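Asks: quick one: sequence plus predicted model below, questions after.
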Amino acid sequence: MKSLLLLTASGPLLILTSHQSLNDQKLLGVLRQKGIGKFVAFDVPLSLARERYGGHFHAVESNLHETDDLRVLDFNGQRVFQLFHFEELGSPMLIEQL
């Protein structure tokens, strides 16, 4: 499982996914279907997301199965930016799907 911060045109999203890589074409297809084709992504250490979100993380995680593509952990950009510092995140990945 991975936790990713996506900076999208409509705002930041923190997602959990059962895919092991953002380069997974199935994951990119699911994001594209949801209208997310262009974004900047950062890996968020799973242990850090679990720590910062506590019970909410557990509730979202328990609904994520290997057959699921992703779950949104947080769509409140202000909260996401308050909970994580850029130095805690992985290197930015630029994704632009045509």
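Replies: That came in fine, so what should we check first? Numbers count the residues shown, from 1 in each chain.

Asks: from here on, just use CA atoms for contacts and neighbour counts.
Replies: Noted.

Asks: elements contacting the helix or strand containing residue 78?
Replies: Taking DSSP states H and E as the criterion, the element that holds residue 78 is helix 77-83. Taking 3 or more CA pairs under 8 Å, 6 or more residues apart in numbering; DSSP states H and E as the contact definition, the neighbouring helices and strands of helix 77-83 are strand 11-17.

Asks: what lines up beside the strand it packs on in the sheet?
Replies: Sheet pairing for strand 11-17, assigned by DSSP bridges, gives strand 2-8 (antiparallel), strand 70-74 (antiparallel).

Asks: for the lengthiest helix in the chain, give the mean pLDDT please.
Replies: Once the chain is assigned using DSSP state H, the helix that runs over the most residues is helix 46-62. Within the predicted structure, the mean pLDDT of helix 46-62 is 90.

Asks: which elements pack onto that helix?
Replies: Counting contacts by 3+ CA pairs under 8 Å, 6+ apart, helix 46-62 is packed against strand 2-8, strand 70-74.

Asks: point out the most buried one among those strands.
Replies: Neighbour counts averaged per stretch over these are highest for strand 2-8, at a mean of 21; criterion: mean count of other CA atoms under 10 Å.

Asks: give me the low-pLDDT residue ranges for the chain?
Replies: Of all residues in the chain, those with pLDDT under 70 make up the ranges 64-68.

Asks: what's in contact with stretch 71-84?
Replies: Around stretch 71-84, the neighbours that count as contacts under CA atoms under 8 Å, 6 or more residues apart in numbering are 11-17, 52, 56-57, 60, 64.

Asks: again, 6 Å this time
Replies: Taking CA atoms under 6 Å, 6 or more residues apart in numbering as the criterion, the residues outside stretch 71-84 that touch it are 12-16.

Asks: repeat for stretch 57-64
Replies: Applying CA under 6 Å, 6+ apart, the external contacts of stretch 57-64 come out as residue 50.

Asks: quick one: it to chain centroid distance?
Replies: Once both centres are worked out by CA atoms, centre = their mean, to the nearest Å, stretch 57-64 turns out to sit 13 Å from its chain's centre.
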